[in-house]
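> any chance you can model this:
(one chain, ligands or ions: 1)
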Amino acid sequence: MIKKFIFNKPFDTKAVVLDIKNYDGDMPYFSCGNNKFCYKMSKTACVYGLGEAVRGINKRGWIYEGYCSDDPSHTEEKRSLYGAHNFLIVDDKANGGDRFGVFFDYPARITFDIGYSKEDELMVSAQTNDIAVYIIEGETLIDIVKNFRRLIGQSYIAPKWAFGFMQSRWSYFTKDDVVRIADGYENADIPLDAIFLDIDYMERFKDFTINDERFPDFEQFVAYMKSRGIRLVPIIDAAVKVEDGYDVYEEGKANGYFCKDENGDDYVVGVWPGRAVFPDFLNEDASIWFADKYKMLTDMGIEGFWNDMNEPAIFYSDKGLDRAFKEIEKYKDISLDANTYFDCRDTFSTLSNSQDDYNSFYHNINGRKIKHNDVHNLYGYFMTKSAQEGFMRNNPEKRTLLFSRASYIGAHRYGGIWTGDNHSWWSHILLCLKQMPSLNMCGFLYSGCDLGGFNGNCTSDLLLRYLSLGIFTPLMRNHSACGTKDQECFAFENTKDFKNIVDLRYRLIPYIYSEYMKAVMNNDMYFRPLAFNYENDEMAKNVEDQLMVGSSIMIAPVYTQNAKGRYVYIPEDMTQIRLNADASITESEIKKGHHYIDVALNEIVFFVKSNCCVPLCNTAKNVDSIDYSTIKLLGNGSKYELYTDDGVTTNVSTDNIKTLYK
Ligand code: MIG
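Just a heads-up that it's a prediction; the model follows:
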């Protein structure tokens, strides 16, 4: 079912957990040579996968790159975002029955030309010949996913409270700001499980410090917020500030734990803390050392973290800046024509995330000096791995929330991801919807986007529609950039509308958590494209704006401004569930086919498969206070297989599933 091919000497990325032998014969489907892998596809082939990427669920017709990139503008012409998820599924039955998955385990830049240069060619190009390729076969598309997921190991399990609604913003500067957010939600009677602390809580953006003036008595504050039912989730950035007397810097420097330049000196870059250095997460000692630093925060009651800037993002480097200052001199006394003006301007703007920097620093891996760019895609992954392994070492029984911006396949075992700096754009609701199943194929189940959009100004209707998708994503977090319009639910008029929608999330938690856990345990997808559920339905194959959620639900969110509803394709007879504006629920049967469905801003409509049931409970102020005895079953089935557990320990087993009867 899984065939492994090793070319030359691949770097051990630890993405794969199954120990399988190299396959003896030729590689099926592909012709290869010159670091290239070519598959000839038919006109009707569909290609799925690539996890976090722009464009469609069917990736055909564009060129993508596996290269972790800090890019705050997720537009169609981009080739890569923060994650490198080099897994594809080709569904080309017309081509001699071809249907297979393929994973390119390769930590440097790799290009996926999926019918972009030549309509009938899928061409994958790596930089070097050091690559491991896995061909994964299976009867159905889901079987292929399950086999691949067996290969890469079980997905991360978040604590149950992290399935609640969470509020974040870059610019909660003080403790009072945080309290104001909690009050705002409480006054609007909207449930909330966590508030995020962005870089503003730190002392001059130094990891593992707390600004005592703005966040005095942090430990008591964490306890106070928890007594109000709200967890605080601080950010940890990849780069460590260069500052004499700062323990993290001093220790790392003394032990040689930071990435080095070619002469063996610490490579200095500029990021949020100003001049900073990169912990060498690919070095085992360094990664254990850094992971233990989180203890300072977990000892104060912190139970979750998000890891940022770990592509790693670079604003500038000492090296680049020196060169730029020299170069800018030459423009000083000359008269600039258009082109020299552009060059002059770009002298500084091209400093960020430059290839020159990624080629100029090195990791120390078991005594071997490895150029960063050769293993670039592993950096965020290993930061996540290191942190989660630290949590497990220090508190093996307890789950810790962790999600990252950069990732590679393998990271899915240690944490979730959020999809980074999206915009307050209607098109980004749809982008998130398309990213979710692709991420699930690659093992990332705990994920979601910045609801409301990170960059730009959000409007009330946009947030309501974002949330209408977000109530189904395991990670449900409203987050926005500093300088943008306030985006908390209570910052808009008609907070009752927001309450209605967020309440539904809590009423669905028994289902969402249960389906998530079952997906983890069965290596299944929590979000599926319709094409994966209805393989023989040509119509379903083309639907890229609806999703299956777990075993029983189909969603069809509205993602157009001023729309009163939308067309929905119903792939089989279903039960339509409508959350009305007054929070009542209406059930009605709906026939296979196309329908126009009205959905007001303060309503939610979803669909339940025939002969299935979905549990719905009463809402609650947070996940911990959900009352499972209030569960009622919706839909025309007779039972539901409910997974429940304590939500905090690592004690997870299929024994925790029990059948609920209608
Ligand atoms: O350069 O910490 O994607 O979520 O709010 C921006 C500030 C740095 C990028 C993250 C975003 C976060 C922001 N960070």
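> ends of stretch 60-80, what's the gap?
15 Å (CA to CA, to the nearest Å).
> would you list every one of the strands in the stretch 501-650 of the chain?
527-528, 547-549, 553-555, 565-570, 574-579, 585-590, 593-598, 604-609, 614-616, 632-634, 639-643 (DSSP state E, counting those that start in this stretch).
> would CSV of these with mean neighbour count and distance to the ligand be doable?
(Each C-beta comes from the backbone N, C-alpha and C, glycine too.) As requested, the strands of the stretch 501-650 of the chain are exported to CSV (neighbours: other CB atoms under 10 Å; distance: least, CB to the nearest ligand atom, whole Å):
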stretch, mean neighbour count, distance to the ligand
strand 527-528, 26, 22
strand 547-549, 25, 24
strand 553-555, 22, 25
strand 565-570, 18, 29
strand 574-579, 21, 30
strand 585-590, 12, 35
strand 593-598, 12, 33
strand 604-609, 24, 26
strand 614-616, 23, 32
strand 632-634, 18, 35
strand 639-643, 18, 31
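> thought residue 465 was touching residue 427?
No: taking contacts as CB atoms under 8 Å, residue 465 lies outside contact range of residue 427: 11.7 Å.
> intersection of neighbour lists for these two?
Common contacts of residue 465 and residue 427 (CB atoms under 8 Å, 6 or more residues apart in numbering): residue 559.
> of these two, who's got more company?
With neighbours defined as other CB atoms under 10 Å, residue 465 and residue 427 compare such that residue 465 has more, 24 against 14.
> for the more buried one, helix, strand, or coil?
helix (DSSP: H, G, I helix; E, B strand; the rest coil).
> of all residues in the protein, which one is closest to the ligand?
residue 170 (3.5 Å; CB to the nearest ligand atom).
> output the contacting helices and strands for the helix ranked longest in the chain.
Assignment by DSSP state H gives helix 495-521 as the longest helix of the chain. On a contact count with 3 or more CB pairs under 8 Å, 6 or more residues apart in numbering; DSSP states H and E, helix 495-521 meets strand 165-167, helix 460-470, strand 574-579, strand 614-616, strand 639-643.
> just the helices in the stretch 251-400 of the chain please.
For the stretch 251-400 of the chain, the helices defined by DSSP state H, counting those that start in this stretch cover 284-293, 295-298, 318-329, 338-349, 355-358, 379-394.
> out of those helices, indicate the one that is most buried.
helix 379-394 (a mean of 24; mean count of other CB atoms under 10 Å).
> what's the offset of it from the middle of its chain?
In terms of CA atoms, centre = their mean, to the nearest Å, the centre of helix 379-394 is set 16 Å apart from its chain centre.
> hmm, who's touching it?
13-14, 68, 82-83, 156, 236, 238, 278-279, 281-282, 287-288, 290-292, 294-295, 298, 305, 307, 310-312, 372, 398, 400, 402, 404-408, 410-411, 413-415.
> so who does the closest residue to residue 467 other than its chain neighbours touch?
For residue 467, ignoring the flanking residues on the chain, the nearest one in space by CB to CB, 6 or more residues apart in numbering is residue 501 at 5.0 Å. Contact analysis of residue 501 by CB under 8 Å, 6+ apart lists 464, 467-468, 471, 579, 602, 604.
> and those, which is closest to residue 20?
Among these, residue 471 lies closest to residue 20 (CB to CB), at 39.6 Å.
> wait, the residue of the chain closest to the ligand touches residue 487, no?
No: using CB under 8 Å, residue 170 is not in contact with residue 487, being 10.9 Å away.
> give me the common contacts of those two.
residue 480.
> and the two? which has more neighbours close in?
Each of residue 170 and residue 487 has its neighbours counted (other CB under 10 Å); residue 487 has more, 28 against 19.
> gap between that one and residue 478?
From residue 487 across to residue 478, the span is 6 Å (CB to CB, to the nearest Å).
> now do the shared contacts for these two.
Contacts common to residue 487 and residue 478, judged by CB under 8 Å, 6+ apart, are 452, 463.
> returning to what we had before: and the longest helix of the chain, average pLDDT?
Helix 495-521 shows a mean pLDDT of 98.
> dump the helices and strands packed on helix 495-521 into a markdown table; add mean pLDDT as well.
What follows is those, written out as a markdown table (pLDDT from 0 to 100):
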| stretch | mean pLDDT |
| --- | --- |
| strand 165-167 | 99 |
| helix 460-470 | 99 |
| strand 574-579 | 98 |
| strand 614-616 | 98 |
| strand 639-643 | 98 |
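> for residue 236, what is the enclosing helix or strand?
strand 231-237 (DSSP states H and E).
> and for the residue nearest to residue 526 when sequence neighbours are not counted, the neighbour number?
Leaving aside its sequence neighbours, residue 526 sits nearest to residue 519 (CB to CB, 6+ apart; 4.2 Å). Residues near residue 519, counting by other CB under 10 Å, number 21.
> so residue 519 sits against residue 550, correct?
Yes: if you go by CB under 8 Å, residue 519 and residue 550 touch, sitting 7.3 Å apart.
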